[in-house]
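> Fold the stuff below for me.
(2 chains)
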Amino acid sequence: MSRIEDALSKASQRQSDVSPPAAWSSFRQKHPTLPPPAPIDPDRLREEKLVVLKKPNSPEAEEFRKLKEFLVKAISAPGMFNNVVLITSAHHGEGKSLVTSNLAISLAQEYDRTVMVVDADLRLPSCHRYLDVDPEQGLADCLMQGVDISNALVKTAIPKLVLLPAGKKPVKNPLELFSSNSMRGLLTEMKQRYPDRILLIDTPPVLLFAETRTLVDLADGVVLVVREGGCSLDDVRECLTLLNNKVLGVVYNASSFTQPAGAYQDYYYSSYVE
Amino acid sequence: MFALLKDYHQYKRLIYLKKGLFLIVALLTMTTAVAVSYIIPKKYEAKTTLFIQQNVLADLVKGLAVAPSIQTKIHTLAVSMTSRNLLSQVVNDLGQDMMLPVGYDQEAYIKDLQSRILVNLNEKQGVVNISFWDRSPQFAQDFVNTLAMLYIEHNTLVKREESTEATKFLAEQIEVYKKRLAEEDEAINAYKSENSILLTTDETFVRTDIRQAEQKIEELNAQMAPLETKLKLAQSGKPAHRSGVGQRDAELQRLLRIYTERHPKVIRARAALQVSRASSGGSGGRDDTARASRLVMADIASVKTQLAQQEKVIEDNKTLLREIPRVMGGLHTLVDRRNQDANLYNQLVARYGQSEISKDMELKDKATVFRIIDPAVAPEIPSSPNRPLIIVIGIVLGLCAGVAAVILSERYDHSIRSLQELRTLGLPVFAVIPRMTSETETRRQAKRDRFVMALAGGYFVLVLGVLAMESLKAMGVTGEWLQKFGLHSL
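Modelled structure (predicted):
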């Protein structure tokens, strides 16, 4: 036996000795084979911009699928599962909530994924509008009044997608709330209680408000939404610094650029539909 | 060409994207222009036309009389029309000085008036347009008419004064020259009487006299030589004539070989020979000798006296010859001066005649006449502000300002415009999501766009309406038509 073969057998033996992380093994053990997702009726949600649901064969929906794939790869490194993802942007109106909703629906369409959207934008919450729910309670209520999280969660029209809304009552001190131990405990609880779920947290703009900078410490990764014409390169650089280099990737939103292969894609998608 | 087309499409797209900014800036600018055109105080311009008529008489009397040319008058007209004196008179006549506040700077007021007067000259037609603008149309009219009237009066007065002054001056000069000529005539006469001899003497005669005197002297010298010889012989008392005759004969023969019969030496030798022969043939005695010697001496003295006389004659005549040119020169100088003055005097007399005719012409306004052919009337339409022009400029400026605002906003917008820019950060780009619009949103946007465009279009039409109305007013289409639509108050 050569020295090389000897080294390979040793490496193989060492790899078999390493046990996977607890969350990972737990996730696998509890859901060895998930049932196939039930077909979702697109008409159950009114928002037309939820392209993943409304126009699943459109290039836009395909881009969200790409986003999903990249994100899953980024958070599913071998031996770990970092399921708390912050979605934010530099300024207001760059499309965070819409990206979050589309991404959540796309993830929920997976065989073995469940998704929870946390609307942490207590100043201007909008996820409930996209997901077409009318929440009574939300995150703010959990933090301020100790409402149990299971009571605050709202099931959406998408079977494997739940929403933790921001809450109805206006909050005057979101920064203090998010920097409290309650918030930390709540997130830890959500992460551990639903280890198979991916938590997407929709947050306020980074450059405008401070609470996102607090939340980023509790997240495993950040997706930064950049809208064309919405912010400058300097703004993005500043965001990267403020987000402690936890940015996994960028979503370039509202692009006016047309893909060169658009015609081919249209043909391809139409044939796919047929 | 392609680049230009590309730029055009790019700007068109930009304007479409930022139509709100474009419309706001453009309409605001137009509104400002309209507002400015209404805020600027109205100015009314009154205009009068003067016709400068040159009478036929001016051509007829050309050369006989001197009439100021039209060109000369026109050149000074603009200056004299706006002179302080004239304007002060106009203000006084209009009673405007009474309306002025106490302590008002009259100089500034006159300057202000001067700046508002415009004198246009049309030399070919001989027409002068005088215009003046003021906030009050009535004042503008009165001012222009008074100014024109006063100018004509002033001009006529000045003309008359000028003509009278010129005639008077010529008369004075004629008197002066007359006196001077009389004085010069007297001086010439005195000079002539003083130097009458020299002036009447002819040089030729003088020279002839000199020549004759010289001949006389020669003859007297010829007579003197035998007389002197005779005197010597008489005083010696010896008949020395024998040998003397022979010698003198021999001498005469020698001279004849050299000179002609008329040569003085020959003449003298022949005379001496004759005297020698005569003396050798006479009877001798002591008394006779003495008597003869006295006679000879008397002859000699007579000849000498004649010689002296002739030399004096020569000397006098030579002096005359020297004096004549000087005296004649002096006379010529006096005569020339007199002639010059006489010439000037004659010209003055001739001009005096012309001046008399010119004066009569000016006094009777026969030469050049200013006539008001078009008196000013109170203007109904203000000349300024030119509202249609200001509004048109405002519209053009508004469109330009709108485009400029869009371009500037684009230039100073440093937001990310392409994926390439984002990629320079080196971050992984998970997805490039195209611009998504829902049908509802599209409809809402289209509805909003229609509303904005209708609003902006309506506003623009309003601006155009104001422009059209002001243009009609400027063209004089006022009154009934506008009253009919209740727009006259605007």
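
> There's contact between A:V223 and A:V72 in this structure, I believe.
No - with contact defined as CB atoms under 8 Å, A:V223 does not count as touching A:V72 (11.9 Å). All C-beta atoms are positioned from the backbone trio N, CA, C, and that covers glycine.

> So which of the two has more stuff around it?
A:V223 (26 against 13; other CB atoms under 10 Å in any protein chain shown).

> And the more buried one, how far from A:V115?
Using CB to CB, to the nearest Å, we find A:V223 at a distance of 14 Å from A:V115.

> Point out where the stretch 251-400 of chain B drops to low pLDDT.
B:279-288, B:361-369 (pLDDT under 70).

> check contacts around B:N221.
B:N221 makes contact with B:264, B:307, according to CB atoms under 8 Å, 6 or more residues apart in numbering or on different chains.

> Show me which positions of the strand or helix carrying it end up buried.
Assigned by DSSP states H and E, B:N221 falls within helix B:203-236. Going by neighbour count (16 or more other CB atoms under 10 Å in any protein chain shown), the buried part of helix B:203-236 is B:206, B:210, B:213, B:216-217, B:219-220, B:223-231, B:233-234.

> Next secondary structure after that helix?
Next along the chain from helix B:203-236, counting by DSSP H and E, comes helix B:241-258.

> Run the chain-centre distance for that next one.
Computed by CA atoms, centre = their mean, to the nearest Å, the chain-centroid distance of helix B:241-258 equals 92 Å.

> Which elements pack onto the host helix or strand of B:A456?
Taking DSSP H and E as the criterion, B:A456 maps to helix B:439-474. For helix B:439-474, the packing partners by 3 or more CB pairs under 8 Å, 6 or more residues apart in numbering or on different chains; DSSP states H and E come out as helix B:19-39, helix B:387-411, helix B:480-484.

> so how many other residues sit close to the closest residue to chain A within the stretch 201-350 of chain B?
Distances between the stretch 201-350 of chain B and chain A by CB to the nearest CB are smallest at B:Q347, namely 95.6 Å. By other CB under 10 Å, 13 other residues sit near B:Q347.

> what helix or strand does it sit in?
helix B:286-363.

> so what strands line up beside the helix or strand that comes right after that helix?
Where DSSP H and E defines the elements, the next helix or strand beyond helix B:286-363 is strand B:368-374. If you go by DSSP bridges, strand B:368-374 pairs up with strand B:44-54 (antiparallel).

> If we go by neighbour counts, what in the strand it pairs with is buried?
B:44-50, B:52, B:54.

> could you dump it to CSV, C-alpha only?
The C-alpha coordinates for strand B:44-54 follow below in CSV (Å, rounded to 0.1, in the frame of the first residue of the first chain):
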residue,chain,number,x,y,z
TYR,B,44,-46.6,104.9,-23.0
GLU,B,45,-44.7,106.3,-25.9
ALA,B,46,-45.8,109.4,-27.7
LYS,B,47,-44.3,110.2,-31.1
THR,B,48,-44.3,113.2,-33.3
THR,B,49,-42.8,113.8,-36.8
LEU,B,50,-41.2,116.9,-37.9
PHE,B,51,-40.6,117.6,-41.6
ILE,B,52,-37.7,119.8,-42.5
GLN,B,53,-38.8,121.7,-45.7
GLN,B,54,-36.2,123.5,-47.7
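
> average pLDDT for that strand?
If you average the pLDDT over strand B:44-54, you get 81.

> what angle separates the helix holding B:A456 from helix B:387-411?
Interaxial angle of helix B:439-474 relative to helix B:387-411 (axes from the mean of the first three to the mean of the last three CA atoms, to 10 degrees): 150 degrees.

> roughly how far apart are A:L98 and chain B?
Counting by CB to the nearest CB, to the nearest Å, the gap between A:L98 and chain B amounts to 8 Å.

> list the contacts for that residue?
Per CB under 8 Å, 6+ apart, neighbours of A:L98: A:49-50, A:130, B:436.

> between those, which is closest to B:K359?
Using CB to CB, the shortest approach to B:K359 within the contacts of A:L98 belongs to B:M436, at 101.2 Å.

> In three-state terms, label the nearest residue to the closest one once chain neighbours are set aside for me.
The spatially closest residue to B:M436, leaving aside those adjacent along the chain, is A:K49, at 5.0 Å (CB to CB, 6 or more residues apart in numbering or on different chains). Under DSSP: H, G, I helix; E, B strand; the rest coil, A:K49 falls in the coil class.

> And A:P125, by the same measure?
coil.

> That one against A:P165, yeah?
Yes - A:P125 lies in contact with A:P165 (CB under 8 Å); the separation is 6.5 Å.

> what is in contact with these two at once?
A:119, A:138.

> buried ones in stretch B:461-476?
Taking 16+ other CB under 10 Å as the criterion, stretch B:461-476 shows B:463, B:466-467, B:469-470, B:473-474 as buried.

> ok, and what's touching stretch A:136-148?
By CB under 8 Å, 6+ apart, the list of residues contacting stretch A:136-148 reads A:118-120, A:122, A:125, A:149, A:151-152, A:164-169, A:171, A:174, A:177, A:180, A:182-183, A:186.

> and the stretch 301-450 of chain B, which residues reach chain A?
Taking CB under 8 Å from any CB of the partner chain, the part of the stretch 301-450 of chain B that reaches chain A is made up of B:413-419, B:421-422, B:424-425, B:427-441.
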